[in-house]
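Engineer: Need coordinates for the following:
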Amino acid sequence: MELTESKDLGSLADEPLIEQYRTGQKEAFAVLVNRYRQELFHYLARLLGGSAAADDVFQDTFLQVHLSIDRFDTQRRFRPWLFTIATNKARDHLRRNRRQDAVSLSVQVGQDQRQSYVDLMEADVPIPFQDAQNNESRQLVRQTVASLPDPLREVLLLSYFHQFSYKEVAQMLDIPLGTVKSRLHTAVGTFAKQWKARFDSEN
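Structural biologist: A predicted model of the protein is given here:
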């Protein structure tokens, strides 16, 4: 039996929604867009440094999803695929609007893979992501994240803010697993230094 009610569609996981959309249930696509509107928009706003650009890229992302929907393998998860498209669209946007700065990522990384990257931050540096309870703190976090070079910002946002695994990030960004860990190590260290400098200047 085909699902025609929006409330029924809303109870479906992403992949069955795509199957419904392929069979002509146009409402299924609207459910997907609404489901990811907040999370994906926030990701793009942090990645691109502004809401106007994020809105444009958000629309471009779902246009690409629509155009590529028949090629998506519903045995895989939709969310990493969506964020892969969004990241590539964001990169295109950045290339069109400014020159990419060369970033040195040749950093020594520890061998203990059991260690969380948050543990790599200096002990005396506050970790603000979850404790930013006021607007000033949240704004400071946004400014610090926005100041990171693009490759570092990508892995930090995908790994920490959106909880993708290292393996998923590697697949999404089309880079080796070791490069993900190296960039994440560098991103956290850079964030820590810049956050501490900004935090100290505000206090």
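Engineer: Please report phi then psi for the most centrally placed residue in the chain.
Structural biologist: The centre of the chain sits closest to L158, judged by Cα atoms, centre = their mean, with a distance of 3.9 Å. Backbone torsions of L158, given as degrees, to the nearest 10, read phi -70, psi -40.
Engineer: Wait, it touches F83, no?
Structural biologist: Yes - L158 lies in contact with F83 (Cβ atoms under 8 Å); the separation is 6.7 Å. Backbone N, C-alpha and C define where each C-beta goes, glycine included.
Engineer: What helix or strand is the residue nearest to L9 when sequence neighbours are not counted located in?
Structural biologist: Using Cβ to Cβ, 6 or more residues apart in numbering and skipping residues adjacent in sequence, the residue nearest L9 is V31, 4.9 Å away. Per DSSP states H and E, V31 falls inside helix 26-48.
Engineer: list the helices and strands the helix or strand following that helix packs on?
Structural biologist: Per DSSP H and E, the first helix or strand lying C-terminal to helix 26-48 is helix 51-68. Counting contacts by 3 or more Cβ pairs under 8 Å, 6 or more residues apart in numbering; DSSP states H and E, helix 51-68 packs against helix 26-48, helix 78-97.
Engineer: what number of residues lie near the residue nearest to L9?
Structural biologist: Neighbourhood size, V31 [other Cβ atoms under 10 Å]: 21.
Engineer: Could you tell me which ranges of the protein sit under the pLDDT cut-off?
Structural biologist: In the predicted model, the chain carries pLDDT under 70 at residues 1-7, 98-137, 199-200, 202-203.
Engineer: How far off centre is the lengthiest helix in it?
Structural biologist: If you go by DSSP state H, the chain has its longest helix at helix 177-202. Centroid separation for helix 177-202 versus its chain: 16 Å, with Cα atoms, centre = their mean, to the nearest Å.
Engineer: domain assignment for this structure?
Structural biologist: 6-97, 117-202 (automatic domain parsing).
Engineer: For the residue nearest to E39 when sequence neighbours are not counted, grab phi and psi.
Structural biologist: In space, and not counting its chain neighbours, E39 is closest to H162: 7.1 Å by Cβ to Cβ, 6+ apart. Per-residue torsions, H162: phi -120, psi 0 (degrees, to the nearest 10).
Engineer: Neighbours of H162, how many?
Structural biologist: 17.
Engineer: Assess the claim that it and F83 are in contact.
Structural biologist: Yes - look at H162 against F83 with Cβ under 8 Å: they come within range, at 7.0 Å.
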